[in-house]
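In: 3D model of this:
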Amino acid sequence: MLGGTFDPVHLGHLRSAVELREALGLDRVHMVPAKAPPLRGQPRVSPRERLALLRLGIGDTPGLVADPRELERDGPSYSADTLTDLRHEYGPEARLVMALGHDAFLRLADWHSPTRLFELAHLVVIDRPDFDAPLSPPLGELIAGREVDSGDMLWRRPAGSLLRLALPTRMAISATEVRRRLAEGSSVRYLLPEAVEARLLADSLYRRS
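Out: Prediction:
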């Protein structure tokens, strides 16, 4: 599972999903747009439009799935609820992974039911280029004794471990910067899949009025 607002989806998101699947030998990566993220502002465009853009971005990429389940639930988009759904879907012995970026990881202790996340899945922290910060005491306590140093060690049990993973490409593309460029009419070429760029420009999404 790789969640996020995908506001909008860009090549950094998609390349991370591809490299995550390759690095860990995953069967598939569920890319899950958040409907109402509890710890950040409301996305600029509607959930359905973000899902449509994600589907355009994924296209026919093997192993990537645009998963709408958080858009179909009422209330905040809690990852624990999404992982509960996936656990029921795949069964108690499946090896489930929730991937998140380093900036989101630093706030993990503030998430809804953070301990429950480890009961349901392994957590994989995708390192972000030139991004580092000390861990807060609550976060250090939450992950104490959970860290492993290889993907192989994750597969020894269905859930409960934490792996920090440096992906090969480490594309430092920011959705905030993409939105800023779209708002002012600057080029976003090579930051987004061509199909996503075409839809955004055709519908003037994120363009400042």
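In: give the contact list for residue 32.
Out: Applying CB atoms under 8 Å, 6 or more residues apart in numbering to residue 32 gives the contacts 1-4, 67, 69-70, 82. Bear in mind the C-beta positions are built from the backbone N, C-alpha and C, glycine included.
In: Could you export these to a markdown table, including columns for secondary structure, pLDDT and distance to residue 98?
Out: Below are the contacts of residue 32 laid out as a markdown table (DSSP: H, G, I helix; E, B strand; the rest coil; pLDDT from 0 to 100; distance: CB to CB, whole Å):
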| residue | secondary structure | pLDDT | distance to residue 98 |
| --- | --- | --- | --- |
| 1 | coil | 97 | 5 |
| 2 | strand | 97 | 8 |
| 3 | strand | 94 | 7 |
| 4 | strand | 91 | 11 |
| 67 | coil | 98 | 12 |
| 69 | coil | 95 | 14 |
| 70 | coil | 94 | 13 |
| 82 | helix | 96 | 8 |
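In: Please spell out the ChimeraX selection for the buried subset of the residues you listed.
Out: Remark: buried members of these, expressed as a ChimeraX selection using 16 or more other CB atoms under 10 Å:
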select :1,2,3,4,67,69,70,82
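In: which one of the contacts of residue 32 sits closest to residue 31?
Out: Distance to residue 31 across these (CB to CB) is lowest for residue 2, with 5.2 Å.
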